[in-house]
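Asker: Let's see this in three dimensions:
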Amino acid sequence: MRAVKKISTKDKSKSIPRQVFLAFLDVFILLSVSALLFLVYTYFEAPIAANLMKRTIPLTTIIYDRTGEHVLYEIHGEENRKLISHDKIPNTIKIATIAAEDDSFYTHHGIDMVSTLRALLNNIKKNEIEQGGSTITQQLARNAFLSREKTLHRKYLEAILAIKIERKYSKDQILDMYFNQIPYGSNAYGIEAAAQTFFEKEAQELTLDESALLAALPKATTYYSPYGPHKDELISRQRQILERIAKLGLADSGQISEAKNTNTFDKVVPLQDKIEAPHFVFFVIDELEKKYGKKAVEEGGLRVYTTLDYNMQKSAEEIIQNESHYILSRYGASNASLVALNPKNGDILAMVGSKNYFDTSIDGQVNVAVRPRQPGSSFKPFAYAEAFEKGFQPETFVLDTQTDFGPDGSGKNYVPHNYDGKFHGLVTMRQALAMSLNIPAVKTLSVAGIDDTIELAHRMGISTLNDRSRYGLSLVLGGGEVKLLDMTSGFSVFANDGIRNIPQPILRIVDPKGNEYELNEMDSIPVLDQQIARKINSILSDNSSRVPIFGPNNKLFIPGKIVAAKTGTTQEYRDAWTIGYTPYLAVGVWAGNNDNHPMRLGADGSYVAAPIWNKFMSQAISNHPEERFIEYEKSIDNSRRKDIKIAYYKKKNGKKISEEKARDMDPDKVEARIEAKSDLAKGNIYLIADAQRDIRESFVIKNWQDIVNLK
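Answerer: Numbers count the residues shown, from 1 in each chain. Sure thing, here's the model as predicted:
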């Protein structure tokens, strides 16, 4: 039997270090393999570099006027970004950025080990992650795919992505993507937005000093902001960048010297959210968001060409501002609104929602053009149009005399009065509407029908007046709330021979790929017989018929031009309106106070709103070729007006008395009769009167609801 050899204590002590070494070696190999596998896994799991070109990034939407020459507003969320092509990126910003961020950009392959090591040593020294040493490619990777958190894991992913990007794209492509991605502060993302935000110019126009200042911002956009408290530090960093450009030989000494001697801060524009035609702009945004959603509008990079006529808009704003000092303040009105439409296609050419959008004392941000207000007598044409639909004519007679229309629902009887406090006897519908007589208008609504009149108003574009149980005969005098935009659109139907074109604020939209979408697809809808439209046009453009009330040189008359117009005034002078038109332009004006506070006594539409309307309309149509309204076909011979008269009798004994004596007596003791000669039967005259019965030679004015056809 063999003897077992004993291991000496000395041999045991020699084997322990070897075992420890082998154990550490095993651990090292395991960790190395794990690290290698992790590197490989992370590399392939990191976002694909090709996605850099395919990803969707937020882009700023721009709203223009109809010509595309005037930017009205830019819409964006957190990121105000405008894409710019390679040929639009100037060399000045390229060299300034390379000098500021990555002077070895053209030699490294995504990461710069020297810069990374320098940043690592600095962070160890300060015991915090302060510097990153990121190359331009790494910054692009971080901003495109990663967060801005300062962790080793993010830094590692950033390096992996940078390597993948460098393998996929050329240096020029990387720079192009960088300048369209990187933030510069103040919500400006990308060099184009930055140039416009800080210098109000396109990127391709940037000078070297401006480029050096912008290149200083990405390092710490808030700290170095030109609008912040660290302007001295920003100037110092700008100069360091210029000196670095000189050291690297990226620009000649003359350019650098000029840049150093330029006070760049003098060229920085004030931070502002620039907006033109604000009420119209937000009306457009509301329409866009309804159709496409808020995210698409804020980040879709759309170019929106609106219907706005920039010159008309500026004219409207200027006129309202000027008139506010003379007309509005005189009558106790703090605000005014104006809408201009093209009746032929519905284009909104101008929209001023208030005197000053930024004046909080008048609730300036409220767009009065789309807020319901009582229209006063400007609603009358709808009632007359409905009466004409029922067969009445501009030549139909109506008796303007004191009339009790019975209970009005408030416990009192409805007895309206004319604005001038007088009664005008027997007048035609033409005269009644032209002079805006209230009593004949109420009688006209009574025969036209309240529901039918509202239905017609809805066909013509009025979107309110939906609870019909609320409205009575006072509707024709403005007893229901309507919108200025709707009213102007409704009057456009008259102007356009009975054809309605829905108001349109947008002509077309172009997306970032150049696809064009036509939104202004004109949908012309016949809503009113053309003969009826022509009758209203004839009456509202007949200045001679309105003269007895408004005078010959009223503000509804424009010398040398044919225009149709109607005013409106509400009770206690809370609202003043004027709406008028030609065949190619409809304009509506409202004046008053947003809080519904009454204006001063006498502040009716012809004195407060009409001067604004007249001045705007006169300018807008001054150079436009004359376009007359088409005459309507007359179907009634009203030449025998002289054969009709009103006679007055005492109720007690039936004795005939003079008009003068009747006016001095108690109205309850007087009976008025319409009397006609026997040859009246030869005519064909319609009459709305207080008729009790149909008598060929005479009848008593009593029951105003009856309509008598004297044949």
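Asker: What average pLDDT does stretch 551-568 get?
Answerer: Taken as a whole, stretch 551-568 carries a mean pLDDT of 94.
Asker: What is the end-to-end distance of that stretch?
Answerer: 16 Å (C-alpha to C-alpha, to the nearest Å).
Asker: List the buried residues for that stretch?
Answerer: Neighbour counts over stretch 551-568 (16 or more other C-beta atoms under 10 Å) mark 554-558, 563-568 as buried. Bear in mind the C-beta positions are built from the backbone N, C-alpha and C, glycine included.
Asker: Widest-spaced pair of the residues you listed?
Answerer: I558 and G568 (19.0 Å; C-beta to C-beta).
Asker: Which member of the buried residues of stretch 551-568 is positioned nearest I539?
Answerer: Of these, the one sitting nearest to I539 (C-beta to C-beta) turns out to be A564, at 8.0 Å.
Asker: For R373, grab the count of nearby residues.
Answerer: 24 (other C-beta atoms under 10 Å).
Asker: what's the nearest residue to it if we skip its chain neighbours?
Answerer: Closest residue to R373 apart from its sequence neighbours, by C-beta to C-beta, 6 or more residues apart in numbering: D575 at 5.1 Å.
Asker: Can you name the helix or strand that Q431 falls in?
Answerer: Assigned by DSSP states H and E, Q431 falls within helix 429-434.
Asker: Identify the residues contacting the next helix or strand after that helix?
Answerer: Once the chain leaves helix 429-434, the next helix or strand it forms, by DSSP H and E, is helix 438-448. The contact list for helix 438-448 (C-beta atoms under 8 Å, 6 or more residues apart in numbering) reads 377, 380, 383-384, 386-387, 389-390, 392, 398-403, 405, 414, 416-419, 423, 427, 429, 432-433, 453, 473-477, 688, 704-705, 707.
Asker: ok, now with 6 Å
Answerer: 380, 383-384, 386-387, 398, 400, 403, 416, 418, 432, 473, 476-477, 688 (C-beta atoms under 6 Å, 6 or more residues apart in numbering).
Asker: Ok, stretch 219-234 next?
Answerer: Contacts of stretch 219-234 (C-beta under 6 Å, 6+ apart): 183, 185, 216-217, 268, 271.
Asker: please redo it, this time with the cut-off set to 10 Å
Answerer: Stretch 219-234 is contacted from outside by 100-101, 132, 139, 182-188, 194, 197-199, 213-214, 216-218, 235-238, 264-265, 267-271, using C-beta atoms under 10 Å, 6 or more residues apart in numbering.
Asker: Just the buried ones among these, please.
Answerer: 100-101, 132, 139, 182-188, 194, 197-199, 213-214, 216-218, 235, 237-238, 264, 267-268.
Asker: coming back round to it: what is the burial count for the residue nearest to R373?
Answerer: Neighbours of D575 (other C-beta under 10 Å): 31.
Asker: For it, give the beta-bridge partners.
Answerer: G592 (DSSP bridges).
Asker: For it, give me its contacts.
Answerer: 333, 368, 373-376, 378, 478, 481, 484, 568-569, 590-593, 596, 598-599, 603-605, 608-609.
Asker: What is the burial count for Y310?
Answerer: Neighbours of Y310 (other C-beta under 10 Å): 19.
Asker: Tell me the spatial nearest neighbour of it, not counting adjacent residues.
Answerer: That would be D65: by C-beta to C-beta, 6+ apart, it lies 4.2 Å from Y310.
Asker: Quickly note the distance from that neighbour to V510.
Answerer: Remark: distance between D65 and V510 (C-beta to C-beta, to the nearest Å) = 15 Å.
Asker: and the two? which has more neighbours close in?
Answerer: D65 (22 against 17).
Asker: And the residue nearest the centre of the chain, how close does it get to D65?
Answerer: The residue lying closest to the centre of the chain (C-alpha atoms, centre = their mean) is F280, at 2.4 Å. Noted for F280: a distance of 10 Å to D65, by C-beta to C-beta.
Asker: any common contacting residues for those two?
Answerer: Common neighbours of F280 and D65 (C-beta under 10 Å, 6+ apart) are 72, 306-308, 313.
Asker: hang on, the earlier thing: among the contacts of D575, which ones are buried?
Answerer: 333, 368, 373-376, 378, 478, 484, 568-569, 590-593, 598-599, 603-605, 608-609.
Asker: tell me which element P226 falls in.
Answerer: P226 is located outside every helix and strand, with elements delineated by DSSP H and E.
Asker: Now the phi/psi pair for it, please.
Answerer: phi -60, psi -20 (degrees, to the nearest 10).
Asker: Check the burial of it by counting its neighbours.
Answerer: 23.
Asker: Distance-wise, check it relative to A188.
Answerer: For P226, the distance to A188 - C-beta to C-beta - is 11 Å.
Asker: cool, G332 as well?
Answerer: Applying C-beta to C-beta to G332 and A188 gives a distance of 45 Å.
Asker: With secondary structure and distance to I646 as new columns, can the buried residues of stretch 551-568 be given to me in a markdown table?
Answerer: Putting the buried residues of stretch 551-568 into a markdown table (DSSP: H, G, I helix; E, B strand; the rest coil; distance: C-beta to C-beta, whole Å) gives the following:
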| residue | secondary structure | distance to I646 |
| --- | --- | --- |
| N554 | coil | 28 |
| K555 | coil | 33 |
| L556 | coil | 29 |
| F557 | coil | 30 |
| I558 | coil | 36 |
| V563 | coil | 34 |
| A564 | strand | 31 |
| A565 | strand | 30 |
| K566 | strand | 28 |
| T567 | strand | 28 |
| G568 | strand | 29 |
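Asker: what's the closest of these to E631?
Answerer: Once C-beta to C-beta is applied, the member of the buried residues of stretch 551-568 that ends up nearest E631 is A564, at 13.2 Å.
Asker: For the nearest residue to the closest one once chain neighbours are set aside, give me its contacts.
Answerer: In space, A564 comes closest to L540 once its chain neighbours are excluded; the distance is 3.6 Å by C-beta to C-beta, 6+ apart. Counting by C-beta under 10 Å, 6+ apart, L540 touches 380-381, 384, 430, 433-434, 491, 494-495, 546, 556, 563-566, 579-581, 629.
Asker: what do you get for I57?
Answerer: 79, 81, 83, 143-144, 177, 180-181, 189-190, 299, 301, 512.
Asker: Assign it to helix, strand or coil.
Answerer: Put simply, I57 is coil when judged by DSSP: H, G, I helix; E, B strand; the rest coil.
Asker: What of G654?
Answerer: G654 is classified as coil under three-state DSSP.
Asker: what's it in contact with, if anything?
Answerer: G654 neighbours (C-beta under 10 Å, 6+ apart): E671.
Asker: Tell me how far it lies from L426.
Answerer: Taking C-beta to C-beta, one finds G654 at 21 Å from L426.
Asker: got it, and N91?
Answerer: 85 Å.
Asker: Looking at these two, which is more packed in?
Answerer: L426 (17 against 12).
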